[in-house]
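[1] Any chance you can model this:
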Amino acid sequence: MEERAVILVVEDEVLIRMAAVQMLEDAGFAVLEAGNADDAISVLENRTDVHAVFTDIHMPGTWDGMRLARTIRDRWPPIHLIVTSGLGHPINDELPPGGRFIGKPYNPAHVIAIVRELLSQAPPFDPHKKEEWA
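    Numbering: from 1, shown residues only. Next up, the predicted model:
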């Protein structure tokens, strides 16, 4: 049996999160979910099989999605990052290196295409070569 890539969806709006989870599961991915950045960090601290994180920028809690993305890039550099928002586009260097942005409302086929594209590439950074991403 082929191993399915694991995607963590981080979205505070329950209906949007449910739709994103369903979209990714229908495309053949294994999906985990978190309602905020704090829960996402907890998942990442307890799992070693997450290949990509698909996160909203604007969420309640101590961190927003951009801080979550930067933390993931720092602590788990091999994880691919996809950031989404309906309230604006990240400017300049706000998006961590190797991260991708998709505006809301997003087209499911576009999201799946980007996830597949990222997963077909090598991890964005080799965790053993911190100088690559520091």
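[2] From now on I want contacts and neighbour counts done on CA atoms only, so please keep to that.
    Noted.
[3] Shouldn't R116 be within a helix?
    Yes: assessed by DSSP: H, G, I helix; E, B strand; the rest coil, R116 belongs to a helix.
[4] Going toward the C-terminus from whatever helix or strand H51 lives in, what's the next helix or strand?
    H51 is located in strand 50-56, with elements delineated by DSSP states H and E. Counting by DSSP H and E, the element after strand 50-56 in chain order, helix or strand, is helix 65-75.
[5] just for the protein, where's the confidence low?
    Within the chain, the stretches with pLDDT under 70 are 1-2, 91-92, 123-134.
[6] any residues touching the strand holding H51, and which ones?
    With contact meaning Cα atoms under 8 Å, 6 or more residues apart in numbering, strand 50-56 is reached by 5-12, 44, 65, 69, 78-85, 115, 119.
[7] do the same with stretch 102-114
    Contacts of stretch 102-114 (Cα under 8 Å, 6+ apart): M23, L24, A27, I82, V83, T84, S85, G86, L87, G88, H89.
[8] are any of those residues buried, and which?
    M23, L24, I82, V83, T84, S85, H89 (16 or more other Cα atoms under 10 Å).
[9] Which of the contacts of strand 50-56 fall within helices?
    Here DSSP state H is the test, and the contacts of strand 50-56 give L44, G65, A69, V115, L119 as lying in helices.
[10] Grab the most central residue of the protein for me.
    Using Cα atoms, centre = their mean, the residue of the chain that lies closest to the mean C-alpha position is V53, 1.9 Å off.
[11] I'd like the distance from stretch 56-76 to the chain centre, please.
    With Cα atoms, centre = their mean, to the nearest Å as the basis, stretch 56-76 stands 9 Å off its chain's centre.
[12] Oops, could you answer that again for stretch 34-51 instead?
    Between the centre of stretch 34-51 and the centre of its chain there are 10 Å (Cα atoms, centre = their mean).
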